[in-house]
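*Asks:* This is a predicted model, with the sequence first.
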Amino acid sequence: MAVTEMLARGFLFHLNTGTVESPVWVRITNANSWSHSPTANDADTTSFDDDGRMTHFKVSRGDEFTVTCLEQEDPSTGDRDPGQLACEVWADEIGPASVKQFRITSPAGNTRAFLGTATCTIGGGGNDDPSAWEVAINVTGGITSSVTTAAPGTPGTPTMVAANDAFLASWTASTGDPSGYEVTVFTDIGDVLTRTLTTSVPYVGVTGLASATAYYIKVRAYNAAGYSALVQSADVTTT
């Protein structure tokens, strides 16, 4: 298929509230615009031989990304949208804790991942306007792009060992330098999604489940370039 245009609304935004080694990705929802503002510093190399014309070259580069969203909360409970709340907490951090990982994913699945600090602008609007909020991310260091980094290979088929209201699952590690694994847990009857978790190693223990219930999992590896294909386990019944 030939390359084609993309709609801005097709991009996805995620904040890593964990660590780079053990990420916990929280999606920033309800965005209605985003932008990229590159910056640079030039060194002046003008000499007498340049006949009055300025010459220069780049000595450093920087980037800022801005995502604007509409505010969301539950009017009955006051619960906030998880993505907005996570960004507000991030913006309040001081020192090394203020540097977190952010990821932008295109409609085709290409990613840009980077570390940065955040500033949040909360609320505002006129009489007929929905209230909005904005997060501005000042990038620290470089940007890892899936154009230059390959997604990891598919993990091996998981094996599961049942326990009391729990199970232990393990699988063969992926090729291609995965950052970690996303594990989704389903009940066999009705194929109901029970929970989603991440792990940086090719195994996981899942507790607090219903007894005498059949479960299965789906696993995929991920890194800055994106996700591998999903692989599904056979059922196991908790004791």
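*Replies:* Received the coordinates, thanks. Numbers count the residues shown, from 1 in each chain.
*Asks:* Extract the C-alpha trace of stretch 132-145 and format it as CSV.
*Replies:* The C-alpha coordinates for stretch 132-145 follow below in CSV (Å, rounded to 0.1, in the frame of the first residue of the first chain):
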residue,chain,number,x,y,z
ALA,A,132,-9.7,22.2,28.5
TRP,A,133,-6.2,21.4,29.9
GLU,A,134,-2.8,21.1,28.3
VAL,A,135,0.5,19.4,29.0
ALA,A,136,3.7,20.8,27.5
ILE,A,137,6.6,18.3,27.5
ASN,A,138,10.2,19.7,27.4
VAL,A,139,12.3,16.8,26.0
THR,A,140,15.5,15.9,27.7
GLY,A,141,17.9,14.0,25.6
GLY,A,142,17.1,12.3,22.3
ILE,A,143,13.9,10.9,20.8
THR,A,144,13.7,7.1,20.1
SER,A,145,11.8,6.5,16.9
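*Asks:* how distant is it from the center of its chain?
*Replies:* Averaging C-alpha positions (Cα atoms, centre = their mean, to the nearest Å) puts stretch 132-145 12 Å from its chain's average.
*Asks:* With stretch 180-188 instead?
*Replies:* On Cα atoms, centre = their mean, the centre of stretch 180-188 falls 17 Å from the chain's centre.
*Asks:* which residues touch that stretch?
*Replies:* Contact partners of stretch 180-188, identified using Cβ atoms under 8 Å, 6 or more residues apart in numbering, comprise 21-23, 155, 169, 171, 174, 192-202, 204, 206, 209-210, 213-222, 227, 235. All C-beta spots, glycine's among them, are computed from the backbone N, C-alpha and C.
*Asks:* Among those residues, which are located in strands?
*Replies:* 169, 192-199, 204, 206, 214-222, 227 (DSSP state E).
*Asks:* Would you mind listing which of those residues are buried?
*Replies:* Listed as buried from the ones in strands among the contacts of stretch 180-188 are 169, 198, 204, 206, 215-222, 227; burial here means 16 or more other Cβ atoms under 10 Å.
*Asks:* Other residues contacting stretch 40-48?
*Replies:* R53, M54, T55, H56, F57, K58, V59, S60, R61, G62.
*Asks:* And stretch 63-71, by the same measure?
*Replies:* Under Cβ under 8 Å, 6+ apart, the answer for stretch 63-71 is 13, 28-39, 81, 83-84, 102, 104, 114, 116, 122-123, 130-139, 143.
*Asks:* Restricted to buried residues, select those in ChimeraX.
*Replies:* This is how ChimeraX selects the buried members of the contacts of stretch 63-71, with burial counted by 16+ other Cβ under 10 Å:
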select :13,28,30,31,34,81,83,84,102,104,114,116,132,133,134,135,136,137,138,139,143
